[in-house]
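Novice: Give me a 3D structure for the following:
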Amino acid sequence: MAARREFLASAAALLAAPWTPARAAQGDFDAALRALTFGSPLGDGRVQLRTPRLADNGLSVPLEVRVDSPMTPAEHVLRIALLSDRNPRALIASFGIGPFAGRAMVTTRVRLSGSQRVWALAQLSDGSWWQDSAEVEVTESACLDTP
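Specialist: Numbers count the residues shown, from 1 in each chain. You can find the predicted model right below:
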């Protein structure tokens, strides 16, 4: 009988717990950034992130990333990554790019869990990392389910 009471008490406590969407903590964002760049410094100016300042729905927010690079075998973009500080996972996406891509550009749609800042990072063939960021206001959140 005691096991049944413990089960019922646990179930009641679980149902009474507030249900909130999982969000990445600042430490999660910093850890994802360090894991991605291996602690390399981030430069400004060669990456351009375009996104609407106001998104009606967080389920599908358009993003475009362009990197200033000649895209030659000697100098090209290796990777473009998108990060967020409030999604359940900080790394939104990572795209491998090479010298034969023609242009260093990525266009995609992402899910955002509420209003937040989004970062676009680019790794060049010389090992340098470049960044840009934009604040996006989301009126209807996405990413409410925990992973």
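
Novice: Check which helices and strands the host helix or strand of Val118 sits against.
Specialist: Element membership of Val118, judged by DSSP states H and E, is strand 116-124. In terms of contacts (3 or more C-beta pairs under 8 Å, 6 or more residues apart in numbering; DSSP states H and E), strand 116-124 is packed against helix 26-37, strand 47-50, strand 61-67, strand 77-84, strand 129-138. C-betas here are computed from N, CA, C, even on glycine.

Novice: List the pairing partners of the second one within its sheet, with orientation.
Specialist: According to DSSP bridges, strand 47-50 has the following sheet partners: strand 61-67 (antiparallel).

Novice: List the buried residues for the partner strand?
Specialist: 61, 63, 65-67 (16 or more other C-beta atoms under 10 Å).

Novice: One more: stretch 38-51?
Specialist: Neighbour count says stretch 38-51 has 46-49, 51 buried, by 16+ other C-beta under 10 Å.

Novice: what does stretch 123-134 give?
Specialist: Burial within stretch 123-134, assessed by neighbour count using 16+ other C-beta under 10 Å, is assigned to 123-125, 129-132, 134.

Novice: Closest one to Arg117 out of those, please.
Specialist: Checking these against Arg117 with C-beta to C-beta, the nearest one is Ala134 at 7.1 Å.

Novice: List the residues that contact the closest one.
Specialist: With contact set as C-beta atoms under 8 Å, 6 or more residues apart in numbering, Ala134 has these partners: 49-51, 53, 117-118.

Novice: and Arg117, what are its bridge partners?
Specialist: With DSSP bridges as the criterion, the beta-bridge partners of Arg117 are Glu135.

Novice: check contacts around Leu42.
Specialist: Neighbouring residues of Leu42 by C-beta under 8 Å, 6+ apart: 121, 129-131.

Novice: run the last query once more with 6 Å
Specialist: Contacts for Leu42 (C-beta atoms under 6 Å, 6 or more residues apart in numbering) come out as 129, 131.
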